[in-house]
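Visitor: Generate coordinates for the sequence data below:
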Amino acid sequence: MATKTKSPARSKGSSKTKSTKTAKHVYYFGDGKADGGGNMKPLLGGKGANLAEMTRIGLPVPPGFTITTEVCTYFSENKRSYPRGLEEAVEAALAKVEKSVGKKLGDKKRPLLVSVRSGARDSMPGMMDTILNLGMNDTVVEIVAKKTSNPRFAWDSYRRFLQMYGDVVMGVQKRAGEDHEPFEATIEHLKDERYGNHNFEDTKLTIEDFKELIARFKKLVKERAGRSFPADPWDQLKGAVGAVFGSWMNDRAIVYRRKYNIPAEWGTAVNVQAMVFGNTGDNSGSGVAFTRDPATGEKVFYGEFLINAQGEDVVAGVRTPEPVSELKKQLPKAFGELEIVRKKLESHFK
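Guide: Below you'll find the model as predicted:
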């Protein structure tokens, strides 16, 4: 992933893709209102359009905003630069998110953490990149630990962010001849040193383990990327957005598009959204669910989840997930809320 992207406000390059000052490049969703809708997949991508639509019908969608696929096309055709006015539009949308949740990115009292995800108009699972817990740094992690009275959650979220951002944005990835991803290798080495077992469960790691991992991750980033991990949340956000747009042209995505005849000019959108956390303890979790069996169409609640995990754990195979039917036994209140969401989606999209 490239790490040097020009600031949107300073972009002066000419473009093959026409862009005017009045063009809308950022669409907000939250608090039951959305700038976009489900019929705008070419512009907002599948994820962005559906987030907007679900917000409109009253589902509990965390607030956020979508940067359009047109910006991705501009970015690709103009040496990784952005249309004029984009940075101001992102700042305005982020301010709405901050107002909605009562937190601010980088704030010393109530810091906001966000996710940054890709979202093409057609699903491309595993082809592009996701970054969670953006906004974390050495100061914010201490604030989150104190505010939540849950330091393990705070330090776990920080090490996850360092790993994702270091990989996706700073390019700290497996080199030729290496058998394992460098961050995963670092985790396994620590587990071997401290527990004599590199398969030791992540959920059993301690706060001190996470602090040591964070120190080692920072050292790894410095060695591999040649620069320190960015502490400023706004710099983190700009880097993440550029990396997601850049992922549209990575080798995996190009091969996938060729296989499924997806035009390169479609581009991907970027979705920035307030974080909700599944790794706060045994009363939380993350998962993937469908209102019906996606293979047969049978009208049965279908999916899988993990307790005390973030979403990437479910799709990455770090732990073995359980079927969503088991959630009714473990977290019955959450299961009941999901059933309400499921019925509303079935009714709206039938």
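Visitor: Now do the domain split for this structure, please.
Guide: Domain assignment for the chain by automatic domain parsing gives 8-137+232-274, 150-162+171-230, 285-349.
Visitor: and those as TSV, adding distance to V144 and mean neighbour count?
Guide: In short, each C-beta sits where N, CA and C put it, glycine included. Converted to TSV, the domains of the chain look like this (distance: least, Cβ to Cβ, whole Å; neighbours: other Cβ atoms under 10 Å):
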stretch	distance to V144	mean neighbour count
domain 8-137+232-274	7	19
domain 150-162+171-230	4	16
domain 285-349	14	15
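Visitor: low-confidence ranges in the protein?
Guide: Applying pLDDT under 70 to the chain flags residues 1-22.
Visitor: any idea where the helices of it begin and end?
Guide: 41-56, 69-77, 86-101, 138-148, 151-168, 182-195, 207-225, 233-247, 251-260, 311-316, 327-330, 332-349 (DSSP state H).
Visitor: which other residues reach the second one?
Guide: Among residues not part of helix 69-77, those counted as contacts by Cβ atoms under 8 Å, 6 or more residues apart in numbering are 15-17, 19, 23, 25, 42-45, 81-83, 86, 120-121, 242, 245-246, 248-249, 265-270.
Visitor: now it: how far from the chain's centre is it?
Guide: In terms of Cα atoms, centre = their mean, to the nearest Å, the centre of helix 69-77 is set 20 Å apart from its chain centre.
Visitor: ok, so what distance separates T268 from N250?
Guide: According to Cβ to Cβ, to the nearest Å, T268 and N250 sit 11 Å apart.
Visitor: Just the contacts of helix 69-77: which are in strands?
Guide: Using DSSP state E, the members of the contacts of helix 69-77 that fall in strands are A120, T268, A269, V270.
Visitor: between those residues, which is closest to G177?
Guide: Set against G177, the nearest of the ones in strands among the contacts of helix 69-77 by Cβ to Cβ is T268 (31.2 Å).
Visitor: you'd agree that closest one is up against V116?
Guide: No. With contacts counted by Cβ atoms under 8 Å, T268 stays clear of V116, the gap being 11.8 Å.
Visitor: what residues do the two have in common as contacts?
Guide: Common neighbours of T268 and V116, using Cβ under 8 Å, 6+ apart, are V244.
Visitor: ok, for P111, nearest residue in space, not its chain neighbours?
Guide: Excluding the flanking residues, the one nearest P111 by Cβ to Cβ, 6 or more residues apart in numbering is V140, at 4.6 Å.
Visitor: Touching, that neighbour and G106? I think so.
Guide: Yes. Contact criterion Cβ under 8 Å: V140 and G106 qualify, at 7.1 Å.
Visitor: Overlap of the contact sets of those two?
Guide: P233.
Visitor: distance of G267 from E87?
Guide: According to Cβ to Cβ, G267 and E87 sit 19 Å apart.
Visitor: And for W155?
Guide: From W155 to E87 the distance is 31 Å (Cβ to Cβ).
Visitor: what's the distance between the residue nearest to P111 and K146?
Guide: Counting by Cβ to Cβ - V140 and K146 are separated by 11 Å.
Visitor: Likewise for H189?
Guide: Counting by Cβ to Cβ, the gap from H189 to K146 is 30 Å.
Visitor: go on, N197?
Guide: In terms of Cβ to Cβ, N197 sits 32 Å off from K146.
Visitor: before we move on, what about F65?
Guide: Going from F65 to K146 by Cβ to Cβ gives 29 Å.
Visitor: follow-up on the earlier one: could you redo the helices of the chain as TSV and give each row distance to E201?
Guide: As requested, the helices of the chain are exported to TSV (distance: least, Cβ to Cβ, whole Å):
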stretch	distance to E201
helix 41-56	31
helix 69-77	38
helix 86-101	31
helix 138-148	22
helix 151-168	13
helix 182-195	9
helix 207-225	12
helix 233-247	28
helix 251-260	29
helix 311-316	11
helix 327-330	17
helix 332-349	22
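Visitor: out of these, nearest to E298?
Guide: E298 lies closest, by Cβ to Cβ, to one member of the helices of the chain: helix 332-349, at 12.7 Å.
Visitor: Contacts only, for the nearest residue to K47 once chain neighbours are set aside.
Guide: Sequence neighbours aside, G119 is the residue nearest to K47 in space, at 3.2 Å (criterion: Cβ to Cβ, 6+ apart). Applying Cβ under 8 Å, 6+ apart to G119 gives the contacts L44, G45, G46, K47, G48, T66, T268, A269, V270, N271.
Visitor: beta partners for G119?
Guide: On the basis of DSSP bridges, G119 is bridged to A269.
Visitor: Residues contacting stretch 41-49 from elsewhere in the structure, which ones?
Guide: Residues from elsewhere that reach stretch 41-49, judged by Cβ under 8 Å, 6+ apart: 27, 36-40, 52, 66, 68-70, 117-123, 266, 268-269, 271.
Visitor: roughly how far out does that stretch sit from the chain middle?
Guide: The answer for stretch 41-49 is 16 Å, by Cα atoms, centre = their mean.
Visitor: for stretch 145-165, same thing?
Guide: How far stretch 145-165 lies from its chain's middle: 15 Å, per Cα atoms, centre = their mean.
Visitor: Which residues outside that stretch are in contact with it?
Guide: 110, 113, 130-134, 136, 141-142, 144, 183, 205-207, 210-211, 213-214, 217-218, 221, 229, 236, 239-240, 277, 279-281, 310, 312.
Visitor: And for stretch 252-261?
Guide: With contact meaning Cβ under 8 Å, 6+ apart, stretch 252-261 is reached by D122, M124, G126, M127, M128, S247, I262, P263, A264.
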